[in-house]
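Trainee: dropping the sequence and predicted coords here.
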Amino acid sequence: MSKHYDALETRDPAQREAALMAALPAHVARAQQAAPAFAEILRGVEASGVTSRAALARLPVTRKHELLERQQAARARDARDPFGGFASIGWRGLLRGSGARRVYQSPGPIYEPEGHAPDYWRSARAFAAAGFEAGDLVHNCFSYHLTPGAWIMEAGAQALGCTVFPGGVGNTEQQLAAMADLQPVAYAGTPSFLKILVDKAAEVGAKLSVRKALVSGEAFPPSLRDWLAARGITAYQCYATADAGLIAYETPAREGLLLEEGVILEIVRPGTGDPLADGEVGEVVVTVLNPDYPLVRFGTGDLSAVLPGACPSGRTNTRIKGWLGRADQTTKVRGMFVHPGQVAEIVRRYPEVVRARLVVAGEMADDRMTLRVETANRGLGELASRIGETIRDVTKLRGEVELVVPGTLPNDGKVIEDARSYK
């Protein structure tokens with residue numbers, strides 16, 4: 001088992017929850033006072049009253065596409081604010097607060113700041129759980145160009161006392177030559193590029209010195225994990241985003257991903273801000289206790305679910321299943337976009353409906369919608385008819401309604417299923 005990073009990881013869960021809720025009012029107040037976008041989003045909210053998960057759940061969710069739209073609009077008004085009013089830091093005195101150390105560009109483009117706090121992205125925990133130690137040389141194969149991926153990893157490895165080689169992406173032969181010269185014991189990067197390096201080394205008859213790895217940025221299936229293990233590399237995964245930094249990380253228990261200590265997690269029904277019960281698949285929404293980029297209920301667009309029970313590694317924080325897909329299931333039907341939020345609006349109008357799933361079937365240009373509805377009141381003959389009228393009212397499209405017993409629909413987070421044939 002890996003060493004715990006600090007005592008926070010083994011706190012009593014009730015103590016952790018109390019500490020997070022105690023920090024929440026000041027975090028909301030900071031967002032309102034120092035980040036103009038959140039001042040607008042949270043207008044009328046009394047920060048001192050946001051002291052529980054129930055109170056937090058009443059605040060709006062800000063999703064990535066909204067962040068992009070606000071950034072674009074803000075830049076059009078004032079080029080001095082590339083962060084769209086979401087950050088409390090900037091540079092050269094043109095923005096609020098102290099200067100940012102770096103600024104990054106993610107696809108969109110979306111711009112993210114990096115402040116001066118040590119291990120700003122809080123990734124050291126993930127490295128510790130993966131068995132990295134002070135003095136390890138880490139060959140970092142995330143991109144150092146534009147996006148923060150490499151810097152997220154570098155900061156965490158250095159906080160742990162590791163030395164980092166900035167390998168970046170591509171240039172397989174040059175990377176292997178550097179590895180042969182420097183003999184790094186550890187790797188950080190995508191799992192697919194690690195496999196490329198291992199395969200290429202075998203092809204040219206070289207032996208890799210890497211024995212441990214922290215991977216991210218894409219799916220890491222058990223088959224690849226086992227393939228690497230058979231070649232002497234123990235690899236763990238972590239879940240991080242350019243906006244939130246580290247969200248969760250794998251431990252030697254290999255049972256889901258453990259939540260990072262500075263993150264308040266909610267799993268919500270896609271298209272809404274409504275929290276789901278543990279075990280239900282929904283969108284990952286995080287509130288990150290970062291004063292420089294004070295995100296409040298930030299919707300990542302990723303799907304996951306909370307795992308029950310405690311981690312066998314001795315760490316006591318909440319665990320999630322890992323990445324289970326994307327929450328944005330917007331689909332075009334007969335020339336009209338249908339959004340998960342519209343399905344949620346239909347469900348909201350009928351208290352007797354437990355859950356619903358819109359299935360789009362047929363072929364392109366000849367498609368049909370069926371709303372499968374879980375309800376215990378299937379005997380109400382007029383219910384399907386009324387829901388059908390609501391479908392037309394909300395989506396401006398005709399749709400069939402199928403009433404099913406509760407528990408029929410899969411627990412996979414899907415609100416809209418595109419089952420059409422695209423042949």
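Mentor: Alright, I've got the coordinates. Numbering: from 1, shown residues only.
Trainee: mind listing the strands for the stretch 251-400 of the chain?
Mentor: Ranges of strands in the stretch 251-400 of the chain, per DSSP state E, counting those that start in this stretch, are 257-259, 263-268, 282-288, 298-304, 306-307, 319-320, 331-333, 336-338, 353-363, 366-375, 400-404.
Trainee: same list (these) but as TSV, adding distance to Glu154 and mean pLDDT.
Mentor: (Each C-beta comes from the backbone N, C-alpha and C, glycine too.) Shown next, in TSV, are the strands of the stretch 251-400 of the chain (distance: least, Cβ to Cβ, whole Å; pLDDT from 0 to 100):
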stretch	distance to Glu154	mean pLDDT
strand 257-259	21	97
strand 263-268	20	98
strand 282-288	20	96
strand 298-304	22	92
strand 306-307	30	96
strand 319-320	25	98
strand 331-333	39	78
strand 336-338	40	76
strand 353-363	42	89
strand 366-375	47	89
strand 400-404	50	92
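Trainee: and these: which comes nearest Pro60?
Mentor: strand 298-304 (9.9 Å; Cβ to Cβ).
Trainee: tell me the angle the closest one makes with strand 282-288.
Mentor: 140 degrees (axes from the mean of the first three to the mean of the last three Cα atoms, to 10 degrees).
Trainee: so what touches strand 298-304?
Mentor: Residues outside strand 298-304 that contact it (Cβ atoms under 8 Å, 6 or more residues apart in numbering) are 61-64, 67, 239, 241, 243-244, 247, 267-268, 270, 281-288, 320-328, 412-413.
Trainee: so what's Gln32 up against?
Mentor: Here Gln32 is in contact with 38-39, 42, 45, 47 (Cβ under 8 Å, 6+ apart).
Trainee: show me those that map onto helices.
Mentor: Among the contacts of Gln32, the members found in helices (DSSP state H) are 38-39.
Trainee: how near is Gly108 to Thr147?
Mentor: 11 Å (Cβ to Cβ, to the nearest Å).
Trainee: cool, Asp119 as well?
Mentor: Going from Asp119 to Thr147 by Cβ to Cβ gives 18 Å.
Trainee: same question, Gly189
Mentor: For Gly189, the distance to Thr147 - Cβ to Cβ - is 13 Å.
Trainee: longest helix of the protein?
Mentor: The chain, longest helix under DSSP H: helix 13-34.
Trainee: ok so, going back, got a ChimeraX select line for the buried ones in the contacts of Gln32?
Mentor: Buried members of the contacts of Gln32, defined by 16 or more other Cβ atoms under 10 Å, are picked up in ChimeraX with:
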select :38,42,45,47
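Trainee: nearest to Phe165 among the contacts of Gln32?
Mentor: Using Cβ to Cβ, the contacts of Gln32 come closest to Phe165 at Phe38, 38.4 Å.
Trainee: thinking again about what came up before, quick one, which of Gly108 and Thr147 is more surrounded?
Mentor: Taking other Cβ atoms under 10 Å, Gly108 and Thr147 do not tie; Thr147 has more neighbours (18 against 14).
Trainee: quick one: pLDDT of that one?
Mentor: Reported pLDDT at Thr147 in the predicted model: 91.
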